[in-house]
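In: the sequence and its predicted three-dimensional model are supplied below.
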Amino acid sequence: MRPTGPLHLGNLHGALANWISMQERYDCFFFIADWHALTSDYESTGHISKYVRNMLIDWLSAGLSPDKSTLFIQSRIKEHAELFLLLTMITPVPWLERNPTYKDQIVQMSNKDLSTFGFLGYPVLQAADIIMYKAHGVPVGVDQVPHVEITREIARRFNYFYGEVFPEPESILTETPKILGIDGRKMSKSYNNAIFLSDSPDEIAASVSKMVTDPQRARKSDPGNPDVCNVYEFHKLYSDEQTIQRINRECRTAEIGCVECKKIMARHLINFLEPIHKRREHYEARPQLVDDIISDGCGKARQVARETMAEVREAVKI
Ligand code: SF4
C-alpha cells in the first residue's frame, strides 16, 4: 500500500478487511510501499515518513497483527532495489508501455510530469516486491490484475534465462463492497469526500450529516428510495438487521427523514469504529512499541529477502 495519507473506509473495506482475514489462512507479507510513493510524488517528499508511520498504526488499529503477518517498510529492505535493477535488465519496454494503468494515469494526472523512468518502470519494482518473497498469490482489485500479469511475465522470463527461482504469483480477487464518499463519488482523499479510520466521533457525525441521499427526495414528506441512497448502503455495512429493515420501510413511506436516518447510521458507524479507535489510542501512546513492530517486521522480511537474493545472484552468476 502506498503511503499517501490516512486510511479511509474505502481502504478498509477495499483492502484491509480482506488482508485481516487472509492473515488467518496464509503466510502474509504486507508492506508500506514508500518507494512507490515517489513514482508520482517525487517533488515533495517531506510528508512520506509521517504517512508511513501513520499507515502502520492504521493497519494495526484495523486488526493486522504483527504476530500473524510480516509487516514491513519497502525502503528498509534494500534488496528490493537490487532485484528491481536486475529485473529491469530483462523487462522489455513495450510490456511497460502497454500497461493500462500507465496510460490511464498519464492522462488522469496531467498536472504532474510522469514522463520519468521510475513511473514507467514501477510495475518492475512491484514485480521485485512480490517475487522477492516467492509469493504464490497477491490480493488485488480488478484494476491491478494487469500488474500481477506483468509480474508473472517477468518471473517467467527470469526463470527462462537463469533457471527456476520464482513461482508465478496468481491474483487473488475478492468481492469488496462498493464504498462511495459523502458526495456520492468514489471515496478518495483527493476528492475530499472520505471518512477516515482515525476521524473522531464528532468528525464522523459531521461528515455523515453532509452525505448525499436519494436525489429525488427533496422534503421529509416525499417517499424516498433507499436503493439509490448511499446512506442506506452504509446502513447495510454498519447497522443491525432490524435497523436496516426499518430504514428500508420507513424511508419508502416517508416515516423517517434523512436527518434522523443519518444520525442513526452515524451512531452505528461510530460504534463499528470504536475498537479501531481504541487500538489506535493504544499504539499512539506507545511509540516504542510501534518502533519495535516496524523493526521486527523489517527484520523478518530482510531475512527472506537476503535468502532470495543469494539465490538470485547465484542464478544470474553475478
Ligand atoms: S431516509 Fe435514509 S435511506 Fe432514505 S433517502 Fe434519506 S438518508 Fe437515504
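Out: It's in. Numbers count the residues shown, from 1 in each chain.

In: on the three-state scheme, Glu203 is what?
Out: Per DSSP: H, G, I helix; E, B strand; the rest coil, the local secondary structure of Glu203 is helix.

In: so what's it scoring on pLDDT?
Out: In this model, Glu203 is scored at 98, pLDDT.

In: swap in the one 4 residues further on?
Out: Ser207 is assigned 98 on the pLDDT scale.

In: run a quick neighbour tally on Gly46.
Out: Close neighbours of Gly46, defined as other CB atoms under 10 Å, add up to 6. For every residue, glycine as well, the C-beta is placed using N, CA and C.

In: so what's the backbone phi/psi at the nearest residue to Leu86 once chain neighbours are set aside?
Out: Beyond its immediate neighbours in the sequence, the residue positioned closest to Leu86 (CB to CB, 6 or more residues apart in numbering) is Val316, lying 6.2 Å away. For Val316, the backbone dihedrals (degrees, to the nearest 10) come out as phi -80, psi -10.

In: write out the residues of the chain neighbouring the ligand.
Out: Taking CB under 6 Å from any ligand atom as the criterion, the chain approaches the ligand at residues 213-214, 217, 224, 226, 229, 231-232, 247, 251, 256, 258, 261-262.

In: JSON lines for those, including pLDDT and secondary structure?
Out: JSON lines is the format used below for the residues of the chain next to the ligand (pLDDT from 0 to 100; DSSP: H, G, I helix; E, B strand; the rest coil):
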{"residue": "Thr213", "pLDDT": "96", "secondary structure": "coil"}
{"residue": "Asp214", "pLDDT": "95", "secondary structure": "coil"}
{"residue": "Arg217", "pLDDT": "92", "secondary structure": "coil"}
{"residue": "Gly224", "pLDDT": "96", "secondary structure": "coil"}
{"residue": "Pro226", "pLDDT": "97", "secondary structure": "helix"}
{"residue": "Cys229", "pLDDT": "96", "secondary structure": "coil"}
{"residue": "Val231", "pLDDT": "97", "secondary structure": "helix"}
{"residue": "Tyr232", "pLDDT": "97", "secondary structure": "helix"}
{"residue": "Ile247", "pLDDT": "97", "secondary structure": "helix"}
{"residue": "Cys251", "pLDDT": "97", "secondary structure": "helix"}
{"residue": "Ile256", "pLDDT": "97", "secondary structure": "coil"}
{"residue": "Cys258", "pLDDT": "97", "secondary structure": "helix"}
{"residue": "Cys261", "pLDDT": "98", "secondary structure": "helix"}
{"residue": "Lys262", "pLDDT": "98", "secondary structure": "helix"}
